[in-house]
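Chemist: next one to model:
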Amino acid sequence: MRLALLGPIAWRTPPRHYGPWELVTGLLGDGLAERGVDVTLFATLDSLTAAKLEGVCPRPYEEDPEIDGRVWEALHVAHALSRSGDFDLIHNHLDWLPLAFSALSRAPMVTTIHGFSSSRILPAYHAAKSAFVSISDSDRSPELDYVATVHHGVDPAPLPFSAVGGEQLVCFGRIHPDKGTHEAIAIAARAGRPLVLCGPVQDPGYFSEQVEPHVDGESVRYLGSVEPGERAAVLGGAACLLHPISFQEPFGLSVVESMICGTPVVAYPRGSMPEIVEEGVTGLLADGVAGAAAAVERAARFDRAACRSEALRRFGVRRMIDSYLRVYEDVLRGH
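Modeler: Numbering: from 1, shown residues only. Prediction:
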């Protein structure tokens, strides 16, 4: 099978620090190449991959203000589709834009929907010639038909097991009201534990008003957007990961990464969290600051080895690759 992976170009693949779509696309490309699939990754030209690398955009547009993302995403998609006749299948990880031109593809298309930024993008999905894969059952739109749900997989190699966590809690992800960073601060204070915050500031006003005033270097520390090599130390060194989201999150890579390190999760029961968290094993669901603070004390006593084992069983990268190979076979058989 000759496969094209059409990846995003906001960040490098794999990302230097932040970039969940790029991370998943890169893991999939590497894993498929290791399985002997003839796979070409369309990504930024500074990307690192075991697949063949193709592209037109020299650097990620989020890292270079001189690169206009709208222009270069269009050029990127146009380049990939101009090569579509060279492949048996196109696997789109770039949201709605390739769907608008899917009728021009000379190969069938599969699209992994990493989340809906808005219901206003649905017309592109309705008109598309593509099979759709959801990343959680909770993120499925009733207006679309899907061929499968494939949970994201995580490579455990850079996430070694930590048998003993520290006293601190960690909140990992972009600094934005959706992620509930201010709620994490309140939960940690109520639980009487220090908090480590990691992630890029996506809403500067929110950060300056509701987060930064609490950052004192002791009870609350902010480390910024940490690189992959630092993630394991931060996640594995915590008693629990706090994930008090205020939106219907499609997945949650940091949640799974934490579990794989052996660190259980305390999350608000929104979006995919009831689907991802195995209560009593990999974490607990709790609603509100008081409930989450009480859950922290329970989750901190969980068997960390059992937490890692269950996370690997459900969210290891090999399982993701197996699932996508089945999707490809099904789509090609039906085409």
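Chemist: could I get the pLDDT score of residue 118?
Modeler: Residue 118 carries a pLDDT value of 81.
Chemist: and residue 229, by the same measure?
Modeler: Per-residue confidence at residue 229 stands at 80 (pLDDT).
Chemist: give the closest residue to it in space, chain neighbours not counted.
Modeler: Leaving aside its chain neighbours, residue 229 sits nearest to residue 158 (7.1 Å; criterion: CB to CB, 6 or more residues apart in numbering). Backbone N, C-alpha and C define where each C-beta goes, glycine included.
Chemist: do the same with residue 269
Modeler: Counting by CB to CB, 6+ apart, the residue nearest residue 269 is residue 285, at 4.2 Å.
Chemist: list phi and psi for that neighbour.
Modeler: Reported as degrees, to the nearest 10, the phi and psi values for residue 285 are phi -100, psi 130.
Chemist: and if you look at residue 133?
Modeler: Per degrees, to the nearest 10, the residue geometry at residue 133, taken as phi and psi, is phi -120, psi 130.
Chemist: any idea how far it is from residue 150?
Modeler: Noted for residue 133: a distance of 5 Å to residue 150, by CB to CB, to the nearest Å.
Chemist: what do the two both touch?
Modeler: Jointly contacting residue 133 and residue 150 under the rule CB atoms under 8 Å, 6 or more residues apart in numbering are 112, 324, 327.
Chemist: which residues in the chain form helices?
Modeler: 20-34, 69-82, 97-100, 122-127, 181-191, 204-206, 228-236, 253-261, 273-276, 289-299, 304-315, 317-334 (DSSP state H).
Chemist: and the shared contacts of residue 133 and residue 150 as JSON lines, adding pLDDT and neighbour count?
Modeler: Output for these, formatted as JSON lines (pLDDT from 0 to 100; neighbours: other CB atoms under 10 Å):
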{"residue": "112", "pLDDT": "98", "neighbour count": "23"}
{"residue": "324", "pLDDT": "98", "neighbour count": "22"}
{"residue": "327", "pLDDT": "98", "neighbour count": "18"}
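Chemist: pull the distance from stretch 165-175 to the chain's centre.
Modeler: Using CA atoms, centre = their mean, to the nearest Å, the mean C-alpha position of stretch 165-175 is found 17 Å from that of the whole chain.
Chemist: so for it, mean pLDDT?
Modeler: For stretch 165-175, the mean per-residue pLDDT is 96.
Chemist: go on, stretch 1-19?
Modeler: When the per-residue pLDDT values of stretch 1-19 are averaged, the result is 96.
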